[in-house]
Structure formats: structure tokens, C-alpha cells
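Asks: Here you go, sequence then predicted model.
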Amino acid sequence: MRKIRTFIGIDFSRELKNKIYELQQELKKHAIKGRWKHIDNFHLTLKFLDEITLAQKAQIDEAMKKLCIDRSPFNLEINKLGIFNGKDSIRVLWLGVAGDIQQLQALQKEIDNALVPIGFEPEKRNYKPHVTIGQDIIFDCSFEQIRNMTEDIGFGTNRVNEIFLFKSEQVQYKRIYTKISRYDFRNNE
């Protein structure tokens with residue numbers, strides 16, 4: 001039985017991805033080492049599913065369409081630089097999210113709950129929305145200095161009116177995320 005590695009998430013406009021990429025390129029100038037996310041892979045994860053079957057995909061599609069039918073669009077902003085520390089490096093370098101956070105967290109919780117009957121465990125950790133831009137980073141200065149250089153991050157408002165099921169695969173040593181299902185918010189108020 002063929003399985004695909006997947007997650008549910010929010011994609012961004014090309015304009016926003018370009019702005020994140022420009023910031024990423026500035027940060028790279030201060031990096032001694034690290035792995036950097038490709039511009040096409042910038043996204044906001046709502047639920048990591050790991051490997052699913054095609055039968056599960058059909059069930060996920062049905063559950064997500066039902067969940068999104070009465071959902072209204074909301075706004076998010078990329079606002080600050082943050083890290084998840086590793087042993088000897090910055091394990092994850094990320095951009096935080098502001099805006100309609102209550103709607104975002106409610107959406108994530110509803111997705112979590114809607115997928116339990118299909119066999120997916122609810123997330124045990126608190127949801128910390130972030131956009132990963134790099135991993136295993138070592139800078140040539142302190143993170144505080146890096147954060148101070150970027151404290152005026154302002155990419156404008158990003159309207160969220162749909163979510164996606166993404167396939168995640170390794171292609172020629174690169175991680176590629178491909179949208180395989182789209183779920184539109186139907187309640188446009």
C-alpha cells in the first residue's frame with residue numbers, strides 16, 4: 001500500500017514569500033553554517049500527519065471540506081524572529097505570527113479534533129504558530145544581535161481564506177512540498 005508523507009497548512013502569496021526570502025538572505029550573511037528553507041517551502045503548519053494512505057486522504061479531504069464550509073477568512077502577519085534552541089546550534093530559526101491568532105488557534109484545534117475519528121492523535125504540545133526559515137544555524141554573533149537587526153519586520157497582512165493538504169517528499173536531496181488538496185473557507189461574510 002502506497003503512503004505519502006503529509007501535513008495540513010497555510011500557504012502564502014508569492015509576494016510574502018519573496019519578502020521572507022529577502023530577510024532570509026540578509027540573515028544568511030551572518031551565518032557560519034545552517035540549512036535554509038527553500039522559498040517555495042515557506043508555510044504555516046497546522047497539523048503534521050506523517051504518512052497517510054489514499055483511503056485516509058479521501059477521509060481527510062471530506063473532514064477538512066466540512067470543517068471549512070462555515071469558516072470565515074482571517075488575517076495574519078509575520079512579525080518577529082524567534083528560535084528553538086538546539087544543543088550546539090539554533091535548531092529552528094523561525095518567524096512568528098500575529099493578527100487574528102484566536103481564529104488561527106481555533107482552526108488548528110478544530111483540525112486536530114476533526115482528524116481523531118480518522119486515526120490521528122491530537123497534538124499534545126501547545127500550538128506555537130511559526131514559519132521555519134532555517135535549521136541548525138550558527139551565527140557569527142549572538143541571536144540577540146540578529147534579532148535587533150530585524151526588529152522592524154513588517155510584511156503586511158496576509159489574508160487566509162483556505163488551507164491545504166501538502167505532500168512532503170525528498171527529491172534529489174531537497175525537501176519539496178506540493179499542495180495536493182485545497183479547502184476553501186466558504187463563509188465570506
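Replies: Perfect, thanks for sending it. Numbers count the residues shown, from 1 in each chain.

Asks: residue boundaries of the strands in this protein?
Replies: Assigned by DSSP state E, the strands in the chain fall at 3-11, 31-36, 43-53, 74-85, 90-99, 130-139, 157-160, 162-171, 174-184.

Asks: Throw the ones you listed into a markdown table and include mean pLDDT and mean neighbour count, thanks.
Replies: To be clear about C-beta, it is placed using only N, CA and C from the backbone, and glycine gets the same treatment. Below are the strands of the chain laid out as a markdown table (pLDDT from 0 to 100; neighbours: other CB atoms under 10 Å):
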| stretch | mean pLDDT | mean neighbour count |
| --- | --- | --- |
| strand 3-11 | 96 | 19 |
| strand 31-36 | 95 | 14 |
| strand 43-53 | 96 | 17 |
| strand 74-85 | 92 | 17 |
| strand 90-99 | 94 | 19 |
| strand 130-139 | 96 | 19 |
| strand 157-160 | 92 | 16 |
| strand 162-171 | 94 | 17 |
| strand 174-184 | 94 | 15 |
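
Asks: out of these, nearest to E151?
Replies: strand 74-85 (7.7 Å; CB to CB).

Asks: now the closest one: how far from the chain's centre is it?
Replies: The chain centroid and the centroid of strand 74-85 are separated by 10 Å under CA atoms, centre = their mean, to the nearest Å.

Asks: And stretch 29-46, by the same measure?
Replies: 11 Å.

Asks: How far does it stretch from one end to the other?
Replies: From its first residue to its last, stretch 29-46 covers 30 Å (CA to CA, to the nearest Å).

Asks: Of all the strands of the chain, which one is nearest Q24?
Replies: Short answer: strand 130-139, nearest of these by CB to CB, at 4.9 Å.

Asks: Just the angle for the closest one relative to strand 43-53, thanks.
Replies: Going by axes from the mean of the first three to the mean of the last three CA atoms, to 10 degrees, strand 130-139 is angled at 100 degrees with respect to strand 43-53.

Asks: And strand 130-139, what does it pack against?
Replies: helix 14-28, strand 31-36, strand 43-53, strand 90-99 (3 or more CB pairs under 8 Å, 6 or more residues apart in numbering; DSSP states H and E).

Asks: related to what we said a few turns ago, can you list the strands of the chain in JSON lines and add distance to L115?
Replies: Converted to JSON lines, these look like this (distance: least, CB to CB, whole Å):
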{"stretch": "strand 3-11", "distance to L115": "8"}
{"stretch": "strand 31-36", "distance to L115": "29"}
{"stretch": "strand 43-53", "distance to L115": "7"}
{"stretch": "strand 74-85", "distance to L115": "21"}
{"stretch": "strand 90-99", "distance to L115": "22"}
{"stretch": "strand 130-139", "distance to L115": "21"}
{"stretch": "strand 157-160", "distance to L115": "19"}
{"stretch": "strand 162-171", "distance to L115": "11"}
{"stretch": "strand 174-184", "distance to L115": "13"}
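
Asks: Which of those strands sits closest to E22?
Replies: Across the strands of the chain, closest to E22 is strand 130-139 (CB to CB), at 11.2 Å.
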